[in-house]
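Novice: Sequence and predicted structure are below.
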Amino acid sequence: MKFIVSSSVLLKNLQLISGVINPSNTLPILDDFLFELGEDTLQITASDLETTMSVSVALDRSEDPGVVAVPAKILLDTLKTLGNVPITVTIDEKLAIEITTGEGKYKLTGHKSDEFPEKPVLEEPTTITLKSDILKEAFHKTLFATGNDELRPVMSGVFCELTTEDFTFVATDAHKLVKYKRFDTKADQSASFILPKKPLNQMKNVLPEDVDVKLEYDKTNALFEYENVKLICRLIDGKYPNYEAVIPKENPNVLTVDRHPFINALKRVALYANQSTNQVRLKIGGKELVLSSEDIDYANEAKERLTCSYDGEDMEIGFNSKFLLDMLSNLNSEQVQIEMSAPNRAGILLPVDDNKDEDILMLVMPVMLNQ
């Protein structure tokens, strides 16, 4: 096997898929990239068994097509230092790999490809085409709310609900919940599935702007394909919780506040909060919002006032400041609304703007005031 390619082109494509490789693998072969050399293309694949991602690279020249597994870390580290130069890669029958540049020669040992996991094949998949911007926005607005509880794996992913009218993405960890709906994307038939967190983070990081992404899915796997990139991931098996049931419908107390000043005040006041609960209290009445926190163990205390618009009965409610900041940071509007019913009931965060293409609702559970 032999091919010539630009080092920067090869590096760029390897970096697209390298996020799939785990830092520590039980199977040594998963520390490798799979190189499949064709007549004028090189297909490179990375896998962690659950997620498989591949990219096709057009070559300047190639000879003797074949397949080999190449150690990922040393190859990436070498390419990062080379700059943009043509490199010649030669692999002999004993899987000895030689990388040649104008002035340098580097040798490493490849591995047999037969131990590398086979790519899953989707059976009678359903296909839908989505804009990359919509997917990136959906992943950005939901992934932070997914859970990490191994006993409840369904809550560690993003629930996708397709209908003939819209597309809904939901994430929750039982403390916070996000429901993100798009009206500019529709499916020919209704379906629902749970996508795992890791491949979605990978897609969020590498998806380019404004390209068409083909999404195929069956009962077991989902495939994302755009340009020269494919990602296949195993769907999370299980029934997603009835998220609509936990969203309170009657919330007569409505706080409207400027988002950026609210975020900055929260960050300051949260510095003085108890580090185990991260509780910040919101005391709301009239046109005044008072944020306060305390950490009795260290005699820390903070209080800050903001002007706001408020419709409802005077109330005091406590929230985990980290959860609130996560949510506020993932909204885009200048102002936000927090709808509440009681200090022991969930608060609903909504953007104050009119976007006909999307609808977003965020829910956060309170931290009880006696903690």
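Specialist: Arrived safely.
Novice: Span of stretch 243-260 from start to end?
Specialist: 29 Å (CA to CA, to the nearest Å).
Novice: in the stretch 1-150 of the chain, which spans are strands?
Specialist: With DSSP state E, counting those that start in this stretch as the criterion, the stretch 1-150 of the chain has strands at 2-6, 32-37, 41-47, 51-58, 61-63, 66-71, 86-91, 96-100, 105-109, 126-131.
Novice: what lines up beside the shortest one in the sheet?
Specialist: According to DSSP bridges, strand 61-63 has the following sheet partners: strand 2-6 (antiparallel).
Novice: How about the strand it pairs with, which residues are buried there?
Specialist: By neighbour count on 16 or more other CB atoms under 10 Å, the buried set for strand 2-6 is K2, F3, V5, S6. Where you see a C-beta, it was placed from the backbone N, CA and C, and this is true even at glycine.
Novice: Enumerate every residue touching the last one.
Specialist: S6 is in contact with D60, N84, V85, P86, I87, counting by CB atoms under 8 Å, 6 or more residues apart in numbering.
Novice: Nearest to G147 among those?
Specialist: Using CB to CB, N84 comes nearest to G147 of these, at 42.7 Å.
Novice: Spatially nearest residue to the closest one, not counting backbone neighbours?
Specialist: Nearest residue to N84, sequence neighbours excluded (CB to CB, 6 or more residues apart in numbering): S8, at 4.1 Å.
Novice: gap between the one you found and V70?
Specialist: As for S8, its distance to V70 is 18 Å (criterion: CB to CB, to the nearest Å).
Novice: quick one, which of these two is more surrounded?
Specialist: Legend: neighbour count by other CB atoms under 10 Å for S8 and V70, higher for V70 (22 against 16).
Novice: what's the closest residue to S190 other than its chain neighbours sitting at in phi/psi?
Specialist: Leaving out its chain neighbours, the residue that sits closest to S190 by CB to CB, 6+ apart is T163, at 4.9 Å. As for T163, its main-chain torsions (degrees, to the nearest 10) stand at phi -130, psi 180.
Novice: I figured T163 hits S192, correct?
Specialist: No: here T163 does not reach S192: they are 9.1 Å apart, not a contact under CB atoms under 8 Å.
Novice: quick one: contacts for the residue lying closest to E334 once chain neighbours are set aside?
Specialist: What sits nearest to E334 in space, not counting adjacent residues and going by CB to CB, 6+ apart, is R259, at 6.1 Å. Listed by CB under 8 Å, 6+ apart, the contact set of R259 reads L328, L331, S333, E334, Q335, V336.
Novice: what's the fifth one in contact with, if anything?
Specialist: Going by CB under 8 Å, 6+ apart, Q335 touches T256, V257, D258, R259, P351, V352, D353.
Novice: Give me the nearest residue to the fifth one, chain neighbours excluded.
Specialist: Meaning P351. Excluding its sequence neighbours, the residue lying closest to P351 (CB to CB, 6+ apart) is S333, at 3.6 Å.
Novice: Same check on the second one?
Specialist: The spatially closest residue to V257, leaving aside those adjacent along the chain, is C308, at 4.4 Å (CB to CB, 6+ apart).
Novice: about what we covered before: what sits against the residue nearest to P351?
Specialist: R259, P351, V352, D353.
Novice: how many other residues sit next to the closest residue to N221 other than its chain neighbours?
Specialist: Spatial nearest neighbour of N221, excluding adjacent residues (CB to CB, 6+ apart): P120 at 5.0 Å. Other residues near P120 number 18, with proximity taken as other CB under 10 Å.
Novice: so what pLDDT did P120 get?
Specialist: pLDDT for P120: 93.
Novice: Let me know whether it touches L235 as I believe.
Specialist: No: checked against CB under 8 Å, the pair P120 and L235 is beyond contact range at 10.7 Å.
Novice: Need the overlap of contacts for the two.
Specialist: T220, N221.
Novice: what stretches of the chain score poorly on pLDDT?
Specialist: Applying pLDDT under 70 to the chain flags the ranges 370-371.
Novice: What segments of the protein are helices?
Specialist: Under the criterion DSSP state H, the chain contains helices at 7-18, 72-80, 132-142, 197-206, 259-270, 321-329.
Novice: Distance to V280 for these - can I get that in TSV?
Specialist: Below are those laid out as TSV (distance: least, CB to CB, whole Å):
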stretch	distance to V280
helix 7-18	39
helix 72-80	42
helix 132-142	22
helix 197-206	27
helix 259-270	5
helix 321-329	4
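Novice: closest one to E124 among the ones you listed?
Specialist: helix 197-206 (21.6 Å).
Novice: Quick one: list the elements packing against the closest one.
Specialist: strand 51-58, helix 132-142, strand 157-162, strand 229-234 (3 or more CB pairs under 8 Å, 6 or more residues apart in numbering; DSSP states H and E).
Novice: what residues does the third one touch?
Specialist: Yep, that's strand 157-162 we're talking about. Outside strand 157-162, the residues touching it (CB under 8 Å, 6+ apart) are 128, 138-139, 142-143, 146, 167-171, 186-187, 189-197, 200, 236, 240, 243.
Novice: now swap in the first one and tell me
Specialist: Identification of contacts with strand 51-58 by CB under 8 Å, 6+ apart yields 5, 9-10, 13-14, 16-17, 20, 40-47, 117, 119-120, 196, 198-199, 202, 228-234.
Novice: which residues touch Q15?
Specialist: By CB under 8 Å, 6+ apart, the neighbours of Q15 are L76.
Novice: Now do the closest residue to Y240 other than its chain neighbours against L235, distance only.
Specialist: Excluding the flanking residues, the one nearest Y240 by CB to CB, 6+ apart is F159, at 4.4 Å. Distance, F159 to L235, by CB to CB: 11 Å.
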